[in-house]
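Undergrad: model this:
(4 chains)
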2 protein chains.
Amino acid sequence: MPETARQIADDLRARIESGELLPGDRLPGEPSLVKTYGVAKMTANQALKILVSEGLAVARPGSGTYVREFRPIRRVANDRLSKSRWNAGRSIWSADVDQRPLVTDVQVYEAEAPHQIGRLLNLEPGVPVIVRSRKFVVEDRPVRIATSYLPADLVRDTAIAQPNTGPGGSYARLAELGAEPVHFAEELRARMPSEEERAALDLATGTPILEICRTAFTEDERPVEVNQMLLDAGSYVLEYRLSS
Amino acid sequence: MPETARQIADDLRARIESGELLPGDRLPGEPSLVKTYGVAKMTANQALKILVSEGLAVARPGSGTYVREFRPIRRVANDRLSKSRWNAGRSIWSADVDQRPLVTDVQVYEAEAPHQIGRLLNLEPGVPVIVRSRKFVVEDRPVRIATSYLPADLVRDTAIAQPNTGPGGSYARLAELGAEPVHFAEELRARMPSEEERAALDLATGTPILEICRTAFTEDERPVEVNQMLLDAGSYVLEYRLSS
DNA sequence: GAGTGGTCTAGACCACATC
DNA sequence: ATGTGGTCTAGACCACTCG
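TA: Down below sits the predicted model:
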């Protein structure tokens, strides 16, 4: 009877979904599965790998395989009406609200605009941009990597070209330049991370990432910033509020 | 020298990212990898599985393993100001714009509101809702599953309780009831699908899904619909336009 | 019928975590 | 020191696709 690994995974998944095994609990190990199901060790290994690849479990070599804990952060993208209280406090997924993250690995440099970015910023090919990249850490977990691109001619001599952008951040500086961002377009997709991205976000295998590319526009619809973000999908719930 | 499977996967990934292997191309098969790398068949198998799990390749048993093709659909969530043309035509990911999908598997029935849904709709526990679920197919691919919940007392005697909601769809019917949805709150997360969801969306292994829960509100901020959607992440780019 | 990916076995060695 | 997951081997059988 083949299909054994899948069946073992199905059993364990059922025990997780029924609540018999709770988040953080240790799953039966490989030797245990070998005994109870009478399979080879590698089959047991693959059964556990299935659960890991589904994002239901996390393997900790040398210790065991554990039911994954899902404690996401809520990121709210506000539209102008969102100060009103519709939907206040009601949500489908429980999530911590917007803890202030630790910002690390700040890098700022000037470079030629990558092709796609240049198009979004409405720049001629080869025009320089200021690139700001940084990593956000919550509870010792790296959860987000962000890279911003701004026209160098606009911001070169401001705090935006420094690691520390000052009070209010780069948007406050843009406002001082008469280029306050007020419209935003976000493009979003989800995919599996590359090996590199997995390492940078310290992702468990089987966790997808959310990739967001946000363009910020001034009141007169001039693009002034492109922000590319990579989020650990296991750490985020995104919220959008819209009015038609 | 362990780590062999990963290294083989790295090699192949590099050949994909360099453009030597194009979307749709066939990767070297297991027997070929066994020869060129001098490894066991199962190691070759696992190397290919790594690429599949990363979403870079698709295995077609009996035929080969192929570089995945990514041809997403664009879904635009408009804010009320977005009729203006900012960002017009510029986007970071190429995507077909909103082809009209085929709607299949329509099911409509009345049931007690699930706990979470009831809370979002601001209903007392146990109050009945009309449930509408359907599947959207584009180019023979199922790409989206949607389940809507509406207060039964509001819509029971309308076309919304029928499979065919008539011209303009259920929102037009709600408008006729004086309950036109004008505000929307979307909660969004990405995760790996369950086996069931994988089957329903006909997903290649290694493809994440986007899970969206959208609540629709009337002008006076009354929730009138909750729509839970599951999207094949490989088939969608989402776009949000916001103003602050 | 030949070739493909999918899976299983039985045994082995490793690095690591935990005690 | 023991137990854990991670990986590899060499060989096997299966169901499937394709020419």
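
Undergrad: what about the helices in chain A?
TA: Under the criterion DSSP state H, chain A contains helices at A:4-17, A:30-37, A:41-53, A:115-120, A:152-155, A:169-176, A:195-200.

Undergrad: how about a markdown table for those, with distance to B:Pro193 and mean pLDDT added?
TA: Where you see a C-beta, it was placed from the backbone N, CA and C, and this is true even at glycine. As requested, the helices of chain A are arranged in a markdown table below (distance: least, C-beta to C-beta, whole Å; pLDDT from 0 to 100):
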| stretch | distance to B:Pro193 | mean pLDDT |
| --- | --- | --- |
| helix A:4-17 | 12 | 91 |
| helix A:30-37 | 24 | 93 |
| helix A:41-53 | 11 | 92 |
| helix A:115-120 | 29 | 90 |
| helix A:152-155 | 42 | 94 |
| helix A:169-176 | 37 | 91 |
| helix A:195-200 | 19 | 82 |
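
Undergrad: CSV please, covering these and showing distance to DNA strand D.
TA: CSV is the format used below for these (distance: least, C-beta to the nearest atom of the strand, whole Å):
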stretch, distance to DNA strand D
helix A:4-17, 11
helix A:30-37, 3
helix A:41-53, 4
helix A:115-120, 34
helix A:152-155, 43
helix A:169-176, 40
helix A:195-200, 12
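
Undergrad: now those as TSV including mean neighbour count?
TA: As requested, the helices of chain A are arranged in TSV below (neighbours: other C-beta atoms under 10 Å in any protein chain shown):
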stretch	mean neighbour count
helix A:4-17	17
helix A:30-37	15
helix A:41-53	19
helix A:115-120	18
helix A:152-155	18
helix A:169-176	17
helix A:195-200	13
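
Undergrad: Which positions in chain A make contact with DNA strand C?
TA: Within chain A, the positions lying close to DNA strand C (C-beta under 7 Å from any atom of the strand) are A:2-6, A:38-43, A:46, A:60-63.

Undergrad: Which single one of those residues is nearest to A:Leu177?
TA: The closest of the residues of chain A next to DNA strand C to A:Leu177 turns out to be A:Arg60 (C-beta to C-beta; 49.2 Å).

Undergrad: For the nearest residue to that closest one once chain neighbours are set aside, give me its contacts.
TA: Ranked by C-beta to C-beta, 6 or more residues apart in numbering or on different chains and with sequence neighbours excluded, the top spatial neighbour of A:Arg60 is A:Tyr66, at 6.4 Å. A:Tyr66 makes contact with A:24-27, A:57-60 under the criterion C-beta atoms under 8 Å, 6 or more residues apart in numbering or on different chains.

Undergrad: could these be laid out in CSV, adding pLDDT and distance to B:Ile92?
TA: Listed next are the contacts of A:Tyr66 as CSV, based on pLDDT from 0 to 100; distance: C-beta to C-beta, whole Å:
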residue, pLDDT, distance to B:Ile92
A:Gly24, 91, 38
A:Asp25, 94, 41
A:Arg26, 94, 42
A:Leu27, 96, 40
A:Ala57, 92, 33
A:Val58, 92, 32
A:Ala59, 91, 34
A:Arg60, 91, 36
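
Undergrad: what does the domain assignment say about chain A?
TA: What automatic domain parsing lists as the domains of chain A is A:4-67, A:73-240.

Undergrad: rank those domains by mean pLDDT and give me the bottom one.
TA: Sorting the domains of chain A by mean pLDDT places domain A:73-240 lowest, at a mean of 87.

Undergrad: what about it, how long is it end to end?
TA: The first and final residues of domain A:73-240 sit 14 Å from each other (C-alpha to C-alpha, to the nearest Å).

Undergrad: picking up where we left off before, could you identify which of the domains of chain A is most buried?
TA: Counting by mean count of other C-beta atoms under 10 Å in any protein chain shown, domain A:73-240 has the highest mean neighbour count of the domains of chain A, with a mean of 18.

Undergrad: centre of the chain versus it, how much separation?
TA: With C-alpha atoms, centre = their mean, to the nearest Å as the basis, domain A:73-240 stands 11 Å off its chain's centre.

Undergrad: again with stretch A:26-40
TA: That offset, for stretch A:26-40, works out to 34 Å (C-alpha atoms, centre = their mean).

Undergrad: Does chain B have contacts with it?
TA: No - Stretch A:26-40 lies apart from chain B when judged by C-beta under 8 Å from any C-beta of the partner chain; the minimum separation is 11.6 Å.

Undergrad: now what about that stretch, what contacts it?
TA: The contact list for stretch A:26-40 (C-beta under 8 Å, 6+ apart) reads A:4-5, A:8, A:12, A:21, A:41, A:43-45, A:47-48, A:51, A:57, A:64-67.

Undergrad: what separates the closest residue to DNA strand C within chain A from A:Leu27, distance-wise?
TA: For chain A, the residue closest to DNA strand C is A:Gly62, as judged by C-beta to the nearest atom of the strand, at 2.4 Å. Between A:Gly62 and A:Leu27 the computed distance is 15 Å (C-beta to C-beta, to the nearest Å).

Undergrad: any idea where the strands of chain A begin and end?
TA: Taking DSSP state E as the test, the strands found in chain A are A:57-60, A:64-67, A:73-77, A:96-97, A:102-112, A:128-138, A:141-151, A:181-191, A:209-218, A:223-232, A:236-243.

Undergrad: Columns distance to DNA strand D on top of the ones you listed, output as a markdown table?
TA: Listed next are the strands of chain A as a markdown table, based on distance: least, C-beta to the nearest atom of the strand, whole Å:
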| stretch | distance to DNA strand D |
| --- | --- |
| strand A:57-60 | 4 |
| strand A:64-67 | 4 |
| strand A:73-77 | 26 |
| strand A:96-97 | 28 |
| strand A:102-112 | 27 |
| strand A:128-138 | 24 |
| strand A:141-151 | 19 |
| strand A:181-191 | 21 |
| strand A:209-218 | 20 |
| strand A:223-232 | 19 |
| strand A:236-243 | 24 |
